[in-house]
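Participant: just to be clear, the model below is a prediction. Sequence and coordinates:
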Amino acid sequence: SLTSITIPDSVTSIGTAAFGGCTGLTSITIGNSVTSIGDAVFNGCTSLTSITIPDSVTSIGDASFGGCASLTSITFGNGVTSIRDSDFSQCPSLTSITIGNGVANIGEGAFGGLTSLATIEVGENNVNYTIVNGVLFNKEKTSLHTYPTGKTGEHYTIPNGVTSIGNRAFFNCTSLTSITIPDSVTSIGAGAFNGCTSLTSITIPDSVTSIGTAA
């Protein structure tokens, strides 16, 4: 029956599955002294609609937001350093993710299963990632990490200079009917276009030397 939680600044860590299965929880405020959040902390919080992780948090455990079926937005503070593949399993309503300046590693396919995700934002001072026309790249813009599954538009042209298309980069992008790959691309990751059910044609340039499993 719990609907809201406020964690005071005196708390420094939140343990594993602390709020797991709190199906009535709609809002949570995390104090500015929390530095670590354990595994599956919000797993199964089916009514939670948004979460803001404060700058103080540096680590978040596996499957932290799994099964948050109503979650529409999440903001990671500047202290979080990594986002794992399993963090957002079964979050079909998530439309917006904001990534702080401190994130140095985002798991390949971390956002691939988010069927409603239309917007990814990255802090302008993040030294590892950047956004180009709504698409997530490494800072050098040589590797395409994620094309948001819920992004609108039937055609996408990968910018010149990109050398690799990441694993599951276009996973489940059902709105895309065509993708243009420039001659700069040399590798296409595993599952890169898996689930692109509307894709009718694609041309692989001569520059590509490797194509991953189930691409």
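Facilitator: Alright, I've got the coordinates. Numbering: from 1, shown residues only.

Participant: following the chain onward from the helix or strand bottoming out on mean pLDDT in the chain, which element is next?
Facilitator: Here the helix or strand of the chain ranked lowest by mean pLDDT, DSSP states H and E is strand 201-202, holding a mean of 90. Counting by DSSP states H and E, the element after strand 201-202 in chain order, helix or strand, is strand 210-211.

Participant: show me what that following strand packs onto, helices and strands only.
Facilitator: Here strand 210-211 touches strand 187-188, going by 3 or more Cβ pairs under 8 Å, 6 or more residues apart in numbering; DSSP states H and E. Where you see a C-beta, it was placed from the backbone N, CA and C, and this is true even at glycine.

Participant: and the strand it packs on, what does it pack against?
Facilitator: Using 3+ Cβ pairs under 8 Å, 6+ apart, strand 187-188 sits against strand 164-165, strand 210-211.

Participant: again, only using 6 Å
Facilitator: When contacts are defined as 3 or more Cβ pairs under 6 Å, 6 or more residues apart in numbering; DSSP states H and E, strand 187-188 packs onto no helix or strand at all.

Participant: now tell me what touches the least confident helix or strand of the chain from outside.
Facilitator: 178-179 (Cβ atoms under 6 Å, 6 or more residues apart in numbering).

Participant: tell me, what's the model's pLDDT at the most centrally placed residue in the chain?
Facilitator: Of all residues in the chain, the one closest to the mean position by Cα atoms, centre = their mean is F111, 3.5 Å from it. With respect to pLDDT, F111 scores 88.

Participant: tell me the contacts of it?
Facilitator: By Cβ under 6 Å, 6+ apart, F111 lies in contact with 117, 146.

Participant: roughly how far apart are it and S207?
Facilitator: F111 is 27 Å from S207, where distance means Cβ to Cβ, to the nearest Å.

Participant: ditto for C22
Facilitator: From C22 across to S207, the span is 51 Å (Cβ to Cβ).

Participant: more neighbours: the two, which one.
Facilitator: C22 (20 against 13; other Cβ atoms under 10 Å).

Participant: residues touching that one, list them.
Facilitator: The neighbourhood of C22, defined by Cβ under 6 Å, 6+ apart, consists of 2, 45.

Participant: and T180, how many neighbours?
Facilitator: Neighbourhood size, T180 [other Cβ under 10 Å]: 12.

Participant: mind listing the residues bridging to it?
Facilitator: With DSSP bridges as the criterion, T180 is bridged to T157.

Participant: pLDDT value on it, please?
Facilitator: pLDDT at T180 comes out at 97.

Participant: surely it meets Y156?
Facilitator: No - using Cβ atoms under 6 Å, T180 makes no contact with Y156, being 7.3 Å away.

Participant: shared neighbours of the two, anything?
Facilitator: With contacts defined as Cβ under 6 Å, 6+ apart, no residue is adjacent to both T180 and Y156.

Participant: all helices of the protein, in order?
Facilitator: Taking DSSP state H as the criterion, the chain contains no helices.

Participant: got any ranges where it has weak pLDDT?
Facilitator: Along the chain, no part satisfies pLDDT under 70.

Participant: picking that back up, and the least confident helix or strand of the chain, which strands flank it?
Facilitator: Sheet partners assigned to strand 201-202 using DSSP bridges are listed as strand 178-180 (parallel).

Participant: contact partners of the partner strand?
Facilitator: 155-157, 201-202.

Participant: one more time with 10 Å, if that's ok
Facilitator: Residues outside strand 178-180 that contact it (Cβ atoms under 10 Å, 6 or more residues apart in numbering) are 147, 154-159, 165, 170, 173, 192-193, 196, 198-203, 205.
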